[in-house]
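**Student:** structure here, sequence nowhere to be found:
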C-alpha cells in the first residue's frame with residue numbers, strides 16, 4: 001500500500017475532535033480516546049488503523065475496473081467531495097441523494113440517458129435549429145436541473161465497487177442503498193454515529209472541513225493508485 005497515512009496530519013486537521021459527550025453513540029466507545037471538557041476525543045491510532053484497512057479496498061476496486069462513488073451532501077463537504085472525485089476520475093453525489101439512485105436502476109438510467117441526449121442535441125445545435133429561443137431556454141433549464149440531480153453519476157457504469165460516504169448520518173440513504181446491493185461502504189463516523197452501519201468505519205471528525213479534506217485526499221489517492229495498477233495490467 002503506497003498511500004501513507006500520517007497521524008500528525010490527522011491531528012493538525014482536527015480529525016480527533018468528536019461531538020459533545022451527551023450526543024455520543026455507545027458503539028463508538030472502542031474509538032474514543034478520552035473526554036476533554038464536555039466533548040469526546042477520537043483515538044487517532046484507531047483512525048490510522050481503519051484507513052490502513054479501507055484504502056486498499058478502494059485501490060483494489062479501481063484496479064479491478066470498478067468505480068468508487070464519492071458521497072458528500074452536507075454543506076462543508078459538497079465542493080471538496082466533488083473536486084476530489086473529479087481529480088480521481090470517479091463518480092460523485094454532492095447535491096442531494098435521490099431515493100433509489102442506486103437501487104432503482106431503471107429510473108436512474110432513463111434520467112441519465114435523457115440528460116446525455118439533451119446535452120448532445122444542445123451541443124450539436126439540433127435544438128436551436130428546431131425550436132425558438134424560449135423553448136431552447138426551457139431545454140437548457142431541464143439540462144441544468146438533470147445535471148444538478150444526476151451530473152456526478154453520468155458516467156457511473158452499473159453498480160459501484162465501493163461507496164465512500166463523508167458522514168454516515170447525513171448520507172444514511174446512500175449507506176442503506178449500498179447495503180441493499182451488497183456494495184461495501186467506507187464511511188466517516190463521528191462520535192455520534194453507529195459505526196456498525198458501514199463495512200469500513202473511519203472514526204474521525206465529520207464536520208471540520210480540514211478533517212474532511214485530508215480524508216478525501218487519502219481516498220482519492222487510493223483511487224488513483226488503483227487506476228495506475230489497472231493501467232499497468
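**Tutor:** Yes, it's here. Since we're looking at a predicted model, the values are computed, not measured.
**Student:** in its sheet, what does the worst-scoring helix or strand of the chain on mean pLDDT sit against?
**Tutor:** Sorting the helices and strands of the chain by mean pLDDT, DSSP states H and E puts strand 17-20 at the bottom, at a mean of 73. Using DSSP bridges, the strands paired with strand 17-20 are strand 39-42 (antiparallel).
**Student:** next up, the contacts around residue 211.
**Tutor:** By Cβ atoms under 8 Å, 6 or more residues apart in numbering, residue 211 lies in contact with 10, 13-15, 17, 204-205. Every C-beta, even on glycine, is put in place using the N, C-alpha and C of the backbone.
**Student:** mind checking which of those residues land in helices?
**Tutor:** Secondary structure from DSSP state H places residue 10 of those in helices.
**Student:** okay, now the spatially closest residue to residue 224 that is not a sequence neighbour: neighbour count?
**Tutor:** Closest residue to residue 224 apart from its sequence neighbours, by Cβ to Cβ, 6 or more residues apart in numbering: residue 88 at 5.5 Å. By other Cβ atoms under 10 Å, the residues close to residue 88 number 24.
**Student:** what's the mean pLDDT across the strand or helix carrying residue 175?
**Tutor:** When secondary structure is defined by DSSP states H and E, residue 175 falls within helix 172-181. The average pLDDT for helix 172-181 rounds to 96.
**Student:** any idea of the mean pLDDT for stretch 120-140?
**Tutor:** On average, stretch 120-140 scores 96.
**Student:** centre of the chain to that stretch, how far?
**Tutor:** The chain centre lies 33 Å from the centre of stretch 120-140; the measure is Cα atoms, centre = their mean, to the nearest Å.
**Student:** coming back round to it: which strands or helices does the helix holding residue 175 pack on?
**Tutor:** Here helix 172-181 touches strand 162-165, strand 185-189, going by 3 or more Cβ pairs under 8 Å, 6 or more residues apart in numbering; DSSP states H and E.
**Student:** as TSV, these with distance to residue 230, mean pLDDT and mean neighbour count would be great.
**Tutor:** Shown next, in TSV, are the helices and strands packed on helix 172-181 (distance: least, Cβ to Cβ, whole Å; pLDDT from 0 to 100; neighbours: other Cβ atoms under 10 Å):
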stretch	distance to residue 230	mean pLDDT	mean neighbour count
strand 162-165	14	98	30
strand 185-189	19	96	27
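**Student:** could I get these as a markdown table with distance to residue 219?
**Tutor:** Formatted as a markdown table, the helices and strands packed on helix 172-181 follow (distance: least, Cβ to Cβ, whole Å):
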| stretch | distance to residue 219 |
| --- | --- |
| strand 162-165 | 5 |
| strand 185-189 | 7 |
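**Student:** of all the ones you listed, which lies closest to residue 42?
**Tutor:** strand 185-189 (9.3 Å; Cβ to Cβ).
**Student:** shaky segments in this structure?
**Tutor:** 1, 19, 22, 25 (pLDDT under 70).
**Student:** could you point out the longest helix of it?
**Tutor:** Under DSSP H, the chain gives helix 209-232 as its longest helix.
**Student:** that older thread, closest to residue 51 out of the helices and strands packed on helix 172-181?
**Tutor:** Nearest to residue 51, of the helices and strands packed on helix 172-181 and by Cβ to Cβ, is strand 185-189 at 9.1 Å.
**Student:** so how far is the closest one from its chain's centroid?
**Tutor:** 9 Å.
**Student:** stretch 130-146 too?
**Tutor:** 30 Å.
**Student:** before we move on, the earlier item: can you give me the buried ones in the helix holding residue 175?
**Tutor:** 172-178 (16 or more other Cβ atoms under 10 Å).
**Student:** now do stretch 147-164
**Tutor:** Here stretch 147-164 shows 149-153, 156, 160-164 as buried, counting by 16+ other Cβ under 10 Å.
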